[in-house]
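In: just a sequence and a predicted model for now, questions to come.
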Amino acid sequence: MSQNQHQVEPRLLNNPTVKHVDVDIEKLRNHSVLFSVLSDADAQAIIQLGRVLHHPAKHIVFQFGEAGDHLLILLAGRVKVSLTSADGKEAILSILEPGDVMGEMALLDGDTRSATVTTMDACNFLVLWQRDFLPFLEKNPHVALKLLAGLSKRLRATNDLVGNLSFLNLPARLARILINLGQQYGKVTDTGIAIGIKLSQEELGNLVGVSRESVNRQIRLWVDADVLDYNHGTIILKNSDALFRESLNSER
């Protein structure tokens, strides 16, 4: 994508408010911590703070490393979430569809984007800016309390997910951990997705809940099969598809 393409101004749809836009709140609740804890009235009040924007196909909505000061709800079209190397090689992390939410935590911490989002089709978004949302929280502290409860629920769900890993076999558990690390800390290189934090085999064993020796045996199998590279704590995922298939294997 060219830099000029990224700088194209989004087109604001007819009404700057979103009073008449059809937003499926129930669907949002399935995709968003924020909306999952809100009543219909509170959710509608927040939606009214938003603006509906249109982007053409193949447009970069935001890039890795940019300031994250707004949330986007995809209303129509599809987008891809990806990481791109310096030489232009792309690794797609996920494809999002209407109802999916991007940049939710940016409403609270304004941190930089962890990936690039690009439209695959012409897309409409509901955009909610931090500058509008934080004053709303100050005026509606009950929403802030609900949001805090929602974030706590997500943390518990994450802990439960880690606990459920114990019911999978070692390759499936380790594959899921590596995929998650790749999504959070991965950077595309010439040889694959390099995980940006070093982890010893003992640390990987602690994450998965097995011994260092067990991790060592599985890592060696995947290195021999050209699924990944492991060198003194540096992990490069060379075949993410193989890891994903392995992660679905629940046989112990």
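Out: Cool, got the structure.

In: helix, strand, or coil at the spatially closest residue to S247 that is not a sequence neighbour?
Out: Computed as CB to CB, 6 or more residues apart in numbering, the closest residue to S247 that is not its neighbour in sequence is A175, at 4.0 Å. For the C-beta atoms, the positions are set from N, CA and C on the backbone; glycine is no exception. Following DSSP: H, G, I helix; E, B strand; the rest coil, the label given to A175 is helix.

In: could you give the number of residues near A175?
Out: Neighbourhood size, A175 [other CB atoms under 10 Å]: 27.

In: that one contacts S240, correct?
Out: No: between A175 and S240 there is no contact under CB atoms under 8 Å: 9.7 Å.

In: A225 and L243 touch, don't they?
Out: No: look at A225 against L243 with CB under 8 Å: they stay out of range, at 10.7 Å.

In: compare neighbour counts for these two and give me the winner.
Out: Neighbour comparison, A225 and L243: the larger count goes to L243, with 23 against 11 (by other CB under 10 Å).

In: could you pull out the strands for this structure?
Out: For the chain, applying DSSP state E gives strands covering 11-12, 51-55, 60-62, 70-76, 79-84, 90-96, 101-102, 116-119, 123-129, 186-188, 193-195, 228-231, 234-237.

In: low-confidence stretches in the stretch 51-200 of the chain?
Out: 85-87, 89-94, 150-167 (pLDDT under 70).

In: the closest residue to H142 other than its chain neighbours and N206, how far apart?
Out: Using CB to CB, 6+ apart and skipping the chain neighbours, the partner closest in space to H142 is D42 (8.0 Å). With the distance defined as CB to CB, to the nearest Å, D42 ends up 40 Å from N206.

In: tell me which residues touch the residue nearest to S247, please.
Out: L243, F244, E246, S247 (CB atoms under 8 Å, 6 or more residues apart in numbering).

In: repeat that with 6 Å
Out: L243, E246, S247 (CB atoms under 6 Å, 6 or more residues apart in numbering).

In: wait, the second one touches N169, no?
Out: Put plainly, it is E246. No: when contacts are counted by CB atoms under 6 Å, E246 is not listed as touching N169 (9.2 Å).

In: so between the two, which is more surrounded?
Out: Using other CB under 10 Å as the criterion, E246 and N169 rank with E246 on top: 22 against 14.

In: quick one: contacts for that one?
Out: P171, A175.

In: next one: it from L174, what distance?
Out: Counting by CB to CB - E246 and L174 are separated by 8 Å.

In: and for L74?
Out: Distance from L74 to L174, by CB to CB: 32 Å.

In: higher neighbour count, these two?
Out: When neighbours are counted by other CB under 10 Å, L74 and L174 differ, and L174 comes out ahead with 25 against 22.

In: isn't that one right next to G209, touching?
Out: No: in this structure, L174 is not within contact of G209 by CB under 6 Å, at 10.0 Å.

In: which one is R78 nearest to, not counting chain neighbours?
Out: M120 (4.4 Å).

In: how many other residues sit next to the one you found?
Out: M120: 15 neighbours (other CB under 10 Å).

In: ok, it to L53 distance?
Out: M120 sits at a distance of 16 Å from L53 (criterion: CB to CB).

In: again, but for L108
Out: 21 Å.

In: got it, and D40?
Out: To L53, D40 is 24 Å away according to CB to CB.

In: ok, these two, which is more surrounded?
Out: Between D40 and L53, L53 has the larger neighbour count (other CB under 10 Å), namely 18 against 9.

In: so the more buried one is in contact with L126, correct?
Out: No: using CB under 6 Å as the test, L53 is too far from L126 to be in contact (8.1 Å).

In: out of the contacts of A175, which are inside helices?
Out: Among the contacts of A175, the residues falling in helices (DSSP state H) are L243, E246, S247.
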